[in-house]
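Trainee: I would like to see how this sequence folds:
(one chain, ligands or ions: 1)
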Amino acid sequence: MEKRNELYSGKAKSVYTTDDPNRLVLHFRDDTSAFDGKKKEALNRKGAVNNQFNAFIMEKLEAAGIATHFDKMLSTQESLVKCLKMIPVECVVRNIAAGSICRRLGVQEGITLEQPVFEFFLKNDELGDPMINDYHIAAFGWAESVHVERMKKLTLAVNDVLKPLFLSAGLLLVDYKLEFGLYEGELVLGDEFTPDGCRLWDAETRAKLDKDRFRQGLGSVVEAYEEVGQRLGITFNY
Ligand code: C5P
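Mentor: Presented below is the predicted three-dimensional model:
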């Protein structure tokens, strides 16, 4: 496999084509951003930590029967993935109230939800990723209804795999965001699963060990990600 041209550079990852039209290289950079790119900083080791964290989680999900785009790690900061036709929506599941749901509904951070809450958001930085529902997705043709139902089912299935996994490491999976795409007509989990796109709290102290440390200026961002990884049994290479 040969890495070729940069196809796209996002806020924290760059995507490269390869000599295989069905494969892409994801390069996890140290760049960190929040508030739709308004706050930015390069954090030493974050690219390597997120690449290896993502590989660990994607392998756990594959082992549980959830199809992902992940093929293999290529280096400390790069992974080989399947080339998906991405669906432009973000799928969020929440177990505990935090972040935007608290602002939208005026509920207190930290309330344990009676059941997981599923939400769709449109992937659009200029609009600040507005919340949408199944009707918007169907009306604007962003995804087929069969894929809408499957995204909900798979996002909740990820909760059933990861909530107990994190709890066994003394961590609460507060919420997370997933993105899906199509590969040979099948819905497949794409993008990443790292502490950049989920909330993880220490189960005892409720200390924040995710990107809220960056958003809220709490410091020790990468150190927190490393602690989460180490508790899961990941040994990071730099
Ligand atoms: O901001 P909000 O509370 O809606 O975020 C819910 C979850 O989705 C959080 O874990 C957050 O990190 C993640 N998220 C993300 N990318 C976005 C929006 C939210 O990873 N663009």
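Trainee: any idea which strand is longest in the protein?
Mentor: Of all segments of type strand in the chain, defined using DSSP state E, the longest is strand 112-122.
Trainee: dump the residue contacts of the residue in the chain positioned nearest to the ligand.
Mentor: Closest approach of the chain to the ligand (C-beta to the nearest ligand atom) occurs at residue 99, with a separation of 2.2 Å. In short, each C-beta sits where N, CA and C put it, glycine included. Neighbour list for residue 99: 175, 199, 212 [criterion: C-beta atoms under 8 Å, 6 or more residues apart in numbering].
Trainee: Excluding sequence neighbours, find me the nearest residue to residue 19.
Mentor: Spatial nearest neighbour of residue 19, chain neighbours left out: residue 2 (4.3 Å); criterion: C-beta to C-beta, 6 or more residues apart in numbering.
Trainee: before we move on, the earlier item: and the contacts of residue 99 near the ligand, which?
Mentor: The overlap between these and the neighbourhood of the ligand (criterion: C-beta under 6 Å from any ligand atom) consists of 175, 199.
Trainee: Now for residue 233, how many residues are close by?
Mentor: For residue 233, the neighbour count with other C-beta atoms under 10 Å is 8.
Trainee: Could you check how far it is from residue 165?
Mentor: Relative to residue 165, residue 233 is positioned 10 Å away (C-beta to C-beta, to the nearest Å).
Trainee: about what we covered before: in the longest strand of the chain, what's buried?
Mentor: Of the residues in strand 112-122, those buried under the neighbour-count criterion (16 or more other C-beta atoms under 10 Å) are 116, 119-122.
Trainee: Check stretch 191-204 too.
Mentor: Under the neighbour-count criterion of 16+ other C-beta under 10 Å, stretch 191-204 has 191-202 buried.
Trainee: quick check, nearest of these to residue 39?
Mentor: residue 196 (13.0 Å; C-beta to C-beta).
Trainee: excluding its backbone neighbours, what's nearest the closest one?
Mentor: residue 211 (5.0 Å).
Trainee: phi, psi of that neighbour?
Mentor: Dihedral pair for residue 211: phi -70, psi -10, per degrees, to the nearest 10.
Trainee: Residue 32 is in contact with that one, correct?
Mentor: Yes. The pair residue 211 and residue 32 passes the contact test of C-beta atoms under 8 Å, sitting 7.4 Å apart.
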